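Visitor: show me how the following folds:
(chains A and B)
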Amino acid sequence: MSEPNTPMFNVQIDGVWHQFPKGTRVIEACEQAGSYVPRYCYHKKLSSPGNCRMCLIEMGFPRLGPDRKPELGAGGKPIINWIPRPQISCAQDVSEGMAVRTNSPLVKECQRGVMEFLLINHPLDCPICDQAGECRLQEFSVDFGNSKSRFLENKVKKPKNIVLGPRVTLDDERCILCSRCIRFCQEIAHDDVLGFVDRGSYTVLTAHPGKRLEDNYSLNTVDICPVGALTSTDFRFKMRVWFLKETKSICTSCATGCNTIIGTREDVIYRQTPRENDHVNSCWMCDYGRLNFKFLEAENRLLELQIRSNGKLVAADWPAAIAQAALQLKQVTANEIAIVASGRMTNEELWLTSQLAKSLGVQMIDIVPRREPGDDILLSEDRNPNTNGARLVLGSTSEPGAKLMAIAEAVKSGQIKALVMLKENTMHLGISVEQLAQLPVFIVMNILSNEATEKATVVLPACGFAEKHGSMINGKGRLQRLNRAVRPPGKARDDWEILRDLLQAVGGGDSLSSIDDVFRRISETIPHFAGLTLSKIGDLGVHILEMEELPPTHPSDEKAIEQAVAIQARRRAVGQQVHEARKALGVAID
Amino acid sequence: MDEAIARYPSDHRRSAAMPLLHLWQEHFGFISDEAVPWIAEKLGLQPINIFELVTFYPMFRQKPAGKTHIRVCRTLSCAMAGGFELMENLCASLKIQRPPDGDGMHNPITVSADGNYSVEFVECLASCGTAPVCMIGEQLHEQVNPSSIGDVLRNQTSNIKHQTAPHPLEHRLIYKSIGRTDWTTDIDCYLRDSGYEQLKQALTMSRSDIVNKVKNSGLRGRGGAGFSCGLKWSFIKPDEKRPVYLICNADESEPGTFKDRYIIHEDPHQLLEGILISCYALNARTAYIYIRGEFPEGAKVLERAIEEARQHNFLGKNILGSGFDVEVYVHRGAGAYICGEETGLIESLEGKRGYPRIKPPYFPAVLGLYMCPTIVNNVETLCAVKHIIAMGGAEYARLGRPNNTGTRILCVSGDVQRPGYFELEVGAATMGQLIYEMAGGLRPGRKLKAIIPGGSSAKVLRADERFKLKVKQPDGSVIEQEMSINDIPMDFDSLAAAGSMAGSGGVIVLDDSRDMVWVLNNINEFYAHESCGQCTPCREGSLWMQKITDRMLHGGGVVEDPHTLKTIGDNIAGRTICAFGEACAWPTQSFVEKFPEEFAARAQKPVPPPLPPEYTPEELIEEESIPTVPLAHDPGWEKAGAAGTV
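Guide: As a prediction, this is how the structure comes out:
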């Protein structure tokens, strides 16, 4: 990111003069100018060791005259003195008058040479390698390498199929020793576990036997590995990457909302990988969020609609179930109804929920807060992805989660006769199965079944994050978009549709035929959303909510630390109360 | 251990990793599995940080050695003098079954069945003038007779061999006291010889005065690159706010070079005086002497010299009442040639693998040790500083030739009758004078075949080549003169003009009995073993070249091999992080280019088809052995390997 007043430098790239802001890496400048320079060890978010030598280019500087000013040649442009040796482009920033050649005969010869060296000891096992299809070695070999090998010797043997940690598997023979993973562990994950042992051509990437690669960010090393050395133990051998349909979405496992790409084929999710967004997650995401998609295929996934009839749950169709739910809700008075929504719901769903509550006159409405230890990297303490959405859209005046225990008490005391449970497990509120069984009306909309579902009067199967569209606001106030990567299984239906139908059945709501209609209604009523549409959010999201920013903490700045601690404490307090209450009840926490 | 840790800044405890590993190994004999996490915890590091070091530096062993551990030098000069024969005979008399040198990083350590002895091949021990050498325990044994192993093992005291009086062509400044019978390493001995006078003198001068003197002297670095010392020093800003470090590069390990060894072992105070003057000139309050691990005696000598100097207040607080504080510490390497490269050395001193840094941005004078300005100078260079103070810069510059000033120590080894060291004014002798007059000429009946003039990485010069050099006439005009190898003056510019380099001053002489493929293979083996493995061309290329020459030597050479070798060299040189790329590429490039007939003779098989049938190098070798026409005998590997001759 360049500041507005950054000076611009004139740089000649392959004979054409361009301007770049001060601080631009030469390799980035070349790419911006349309001359992509191949690279292995360079990663824009990590330090530059310059070890792969793939980005060698020719570099020159203006020839200075006796007056120390650049001599001008034809066309008034400086005459360039070229450095005779090739230079790496990944470790230097552009400077005034610099000139580079990225496609000269010398550069091409360097690239061919380095490609040959990288491949002589490489096993060339592409047919059984998971990286095939997204392998830099394959790609650059075609673009910059030789077509045949001159290597007649035995290849260096190295360890294969090494379990580096619970989620990462290593093949040392494929490793090109670019050290990206080592630098990631040191610089981003702050968990210095990887290193090189032995020397020269026998150098091997490994972890010390006493300390494995098991931090919550280990799978990022797989993403940045340019070859097939580091593979995801979960994903390897499951699917060829060129078969994967890629859907841009966001992670919903915490309030950070890391941008992701969901890789699917025929309605099955095979992997999630981070998608670059410098406002949110840079290029990374945590392993917890990345692998948190398996529940969509869980055994206890709700696939059928059910209605309680004569004390038993029986199958139903959507119109019947919605009608039944509406009927049940109309049999009780407004102050006998409580709605527990979820911070995992989208803005659209939460808004429809608020309309439902309004239409029924319900006051008892809240979401379940999720506070757990976070880290200083990406994982937020708030494990709800859309607490800020609930703040803005749900229409509750108090902090999300503040009313929750009151609702639970009211259910237990029998004051509440009808409980609407949206995407949350009642067991988390400390309400026993027996108490639930006493409820005359207990409407459940969820993804998975649990003990409480058994006691429901209406069960509505809903969608998971990868099965629907919608928007959420992350912990820093950024509005981001979820996209559908797979179709929901069984009779499960898009949550917003279920809520819209229910709203219409209880007598509220009008022509909301698409999710865009819902969003438009939000943008008309809530100022933060003014002027936006779902498509205007774009792939990288829009900042709409000023959060109380945690001031950047510096060890010497005690005041800033104090302030940060105070804000954090305030945010944490509500969640903590609920957490403590649940703990006192001995309730499981998910 | 805490004393070792205290030698480094408190926020850089990692630097103590190698000293602690040395201490551990001295105490327990090897680096056990427990050592790694223990040392890591002691220094607040992760186990992998220590594990990386143990496996990078071959002197750290992860398994116990025998009670007596013998390291045999396998590098060129020793190999030519019978290093392989020595190892063979050692194994036979100690009943050690040494496995063949197979695929693997380091040469294996093999222990005898009774556990009393173990043997290991090591790379150049920097005593090429007294080849073949081996180290028994910590003692160096020189001019070992491979056929009388018993004597070697019984006589476990080291004795540094010395040539007699200086040759008339020599001009001894730095080596003035080396080899004198009345000379000891005591400070008293040094003081009697008016030692530390120049330090006292320097402390009365201003810093810029000293730097200017060094600039005016024209002194060029004696480590190999020949960079102007004064210019290097002037990169340090006089008003520098960060601490400035001076590092003495005593990691002498370029094959063919053994000049620093004698300074360190026999005249440590001269070196120390040079370091202290330089520290004062650069305002460096801390100096480290990075000494190679294979000089355990040298490290002890230096430690003692430092203590003696401290007692005389030549170092420590407020030295000689000047108000200047300075500390000098010895830091031992552990068997990595790459740590002679200044940024590799700095990384190693920081307790990491000796991976050279990229320049830009990590020029030592700007971002050196602990990211502070750092000057790294060779042992000989720092000694020269003392003499520049004594003589004055201009006077020193009158020695030698313009742009090639002063004296320098040349080391002659290989096929000459009297190998050894000679301190000459730079360019005062020609190659012919050096070899025939000073080093005693070749053995009877032998003819000169080739000379490697500046350490094994310098390009080889062929004896029957004609060289065109520009020679400066007394009237100042320059004429191009054609000359034979014997007429080349031994100075920086002339050797560069002849297509090679003065390098570190290690002259290796090869006579007509040498098989150039064998010689190149020995050199390639050295560089493949010593490549740090950080950047691609050198890591992959050095081993590839070695595998090719090895296959050619076994009789498996194919017609493409010489061309392949040459182009591998081309693809390495100039494309790596550090100068090791050139160092490992130049021998191959020059040997193949200058001795095409010998390489062609060993490269006669057709190139096998690239795809099926699958083949291995062994299969190529197992086919009938090829005729090697220009050579008298078929060189079996064992024979050639043992003697280095055909």
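Visitor: alpha carbons only for contacts and neighbour counts from here, please
Guide: OK.
Visitor: show me the shaky parts of the chain.
Guide: The chain I'm using is chain A. A:1-3, A:548-572, A:574-579, A:581-590 (pLDDT under 70).
Visitor: that's the other chain; I wanted chain B
Guide: Looking at chain B by pLDDT under 70, you get B:101-106, B:155-164, B:610-646.
Visitor: in it, what residue lies closest to chain A?
Guide: residue B:533 (3.6 Å; Cα to the nearest Cα).
Visitor: for that residue, phi and psi?
Guide: phi 90, psi 10 (degrees, to the nearest 10).
Visitor: how close does it get to residue B:59?
Guide: 17 Å (Cα to Cα, to the nearest Å).
Visitor: related to what we said a few turns ago, quick one: neighbours of the residue of chain B closest to chain A, just the number.
Guide: Using other Cα atoms under 10 Å in any protein chain shown, residue B:533 has 26 other residues around it.
Visitor: my read: it touches residue A:204, true?
Guide: No - taking contacts as Cα atoms under 8 Å, residue B:533 lies outside contact range of residue A:204: 9.7 Å.
Visitor: next, the contact list for the residue of chain A most remote from its centre, please.
Guide: Going by Cα atoms, centre = their mean, the residue of chain A most distant from its centre is residue A:66, 56.3 Å out. By Cα atoms under 8 Å, 6 or more residues apart in numbering or on different chains, no residues touch residue A:66.
Visitor: got the contact list for residue 502?
Guide: Defaulting to chain A. Neighbour list for residue A:502: A:322-323, A:325-326, A:356 [criterion: Cα under 8 Å, 6+ apart].
Visitor: should've been chain B
Guide: Here residue B:502 is in contact with B:224, B:453-454, B:458, B:490-492, B:495-496 (Cα under 8 Å, 6+ apart).
Visitor: turn those residues into JSON lines, columns for secondary structure, neighbour count and distance to residue A:244.
Guide: Converted to JSON lines, the contacts of residue B:502 look like this (DSSP: H, G, I helix; E, B strand; the rest coil; neighbours: other Cα atoms under 10 Å in any protein chain shown; distance: Cα to Cα, whole Å):
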{"residue": "B:224", "secondary structure": "coil", "neighbour count": "22", "distance to residue A:244": "56"}
{"residue": "B:453", "secondary structure": "coil", "neighbour count": "28", "distance to residue A:244": "61"}
{"residue": "B:454", "secondary structure": "coil", "neighbour count": "29", "distance to residue A:244": "59"}
{"residue": "B:458", "secondary structure": "coil", "neighbour count": "29", "distance to residue A:244": "54"}
{"residue": "B:490", "secondary structure": "coil", "neighbour count": "27", "distance to residue A:244": "67"}
{"residue": "B:491", "secondary structure": "coil", "neighbour count": "25", "distance to residue A:244": "65"}
{"residue": "B:492", "secondary structure": "helix", "neighbour count": "24", "distance to residue A:244": "62"}
{"residue": "B:495", "secondary structure": "helix", "neighbour count": "23", "distance to residue A:244": "62"}
{"residue": "B:496", "secondary structure": "helix", "neighbour count": "15", "distance to residue A:244": "59"}
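Visitor: could you dump those residues to JSON lines with distance to residue B:12?
Guide: Converted to JSON lines, those look like this (distance: Cα to Cα, whole Å):
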{"residue": "B:224", "distance to residue B:12": "29"}
{"residue": "B:453", "distance to residue B:12": "40"}
{"residue": "B:454", "distance to residue B:12": "36"}
{"residue": "B:458", "distance to residue B:12": "36"}
{"residue": "B:490", "distance to residue B:12": "43"}
{"residue": "B:491", "distance to residue B:12": "41"}
{"residue": "B:492", "distance to residue B:12": "38"}
{"residue": "B:495", "distance to residue B:12": "42"}
{"residue": "B:496", "distance to residue B:12": "41"}
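Visitor: grab the nearest non-local neighbour of residue 62.
Guide: Let's take chain A. With sequence-adjacent residues excluded and distances taken as Cα to Cα, 6 or more residues apart in numbering or on different chains, residue A:62 is closest to residue A:80, at 4.5 Å.
Visitor: my question was about chain B
Guide: That would be residue B:31: by Cα to Cα, 6+ apart, it lies 4.9 Å from residue B:62.
Visitor: between which two of the contacts of residue A:502 is the distance greatest?
Guide: Maximum pairwise distance in those, criterion Cα to Cα, is 14.3 Å, between A:323 and A:356.
Visitor: assign a three-state SS to the nearest residue to residue A:86 once chain neighbours are set aside, would you?
Guide: Nearest non-adjacent residue to residue A:86, counting by Cα to Cα, 6+ apart: residue A:58, 4.9 Å away. Recorded secondary structure, residue A:58: strand (DSSP: H, G, I helix; E, B strand; the rest coil).
Visitor: contacting residues around residue A:58?
Guide: Contacts for residue A:58 were tallied using Cα under 8 Å, 6+ apart; they are A:82-87, A:100-102, A:104, A:106-107.
Visitor: if you set the cut-off to 7 Å instead, what comes out?
Guide: A:83, A:86-87, A:100-102, A:107 (Cα atoms under 7 Å, 6 or more residues apart in numbering or on different chains).
Visitor: for it, give its distance to chain B.
Guide: Distance of residue A:58 to chain B, given as Cα to the nearest Cα, to the nearest Å: 11 Å.
Visitor: any figure for the gap between that residue and residue A:130?
Guide: 35 Å.
Visitor: quick one, phi/psi of residue B:576?
Guide: Dihedral pair for residue B:576: phi -110, psi 170, per degrees, to the nearest 10.
Visitor: so how far is residue B:310 from it?
Guide: For residue B:576, the distance to residue B:310 - Cα to Cα - is 42 Å.
Visitor: so those two - more neighbours on which side?
Guide: residue B:576 (26 against 16).
Visitor: what's the distance between that one and residue A:87?
Guide: 9 Å.
Visitor: re earlier: show me what the residue nearest to residue A:86 bridges to in the sheet.
Guide: Judged by DSSP bridges, the bridge partners of residue A:58 are residue A:101.
Visitor: before we move on, the earlier item: the residue nearest to residue B:62 belongs to a strand, doesn't it?
Guide: No - using three-state DSSP, the assignment for residue B:31 is coil, not a strand.
Visitor: now the residue farthest from the centre of chain A: which helix or strand?
Guide: Applying DSSP states H and E as the criterion places residue A:66 outside every helix and strand.
Visitor: ranges for the helices of the stretch 401-550 of chain A?
Guide: A:404-413, A:433-438, A:495-505, A:515-525, A:534-537 (DSSP state H, counting those that start in this stretch).
Visitor: would a markdown table of those helices with distance to residue A:383 be doable?
Guide: Shown next, in a markdown table, are the helices of the stretch 401-550 of chain A (distance: least, Cα to Cα, whole Å):
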| stretch | distance to residue A:383 |
| --- | --- |
| helix A:404-413 | 17 |
| helix A:433-438 | 25 |
| helix A:495-505 | 20 |
| helix A:515-525 | 24 |
| helix A:534-537 | 23 |
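Visitor: chain B contacts on the stretch 101-250 of chain A?
Guide: Contact residues (Cα under 7 Å from any Cα of the partner chain) of the stretch 101-250 of chain A with chain B: A:110, A:113-114, A:117-118, A:152-154, A:192-203, A:207-208.
Visitor: with that, I have no additional questions.
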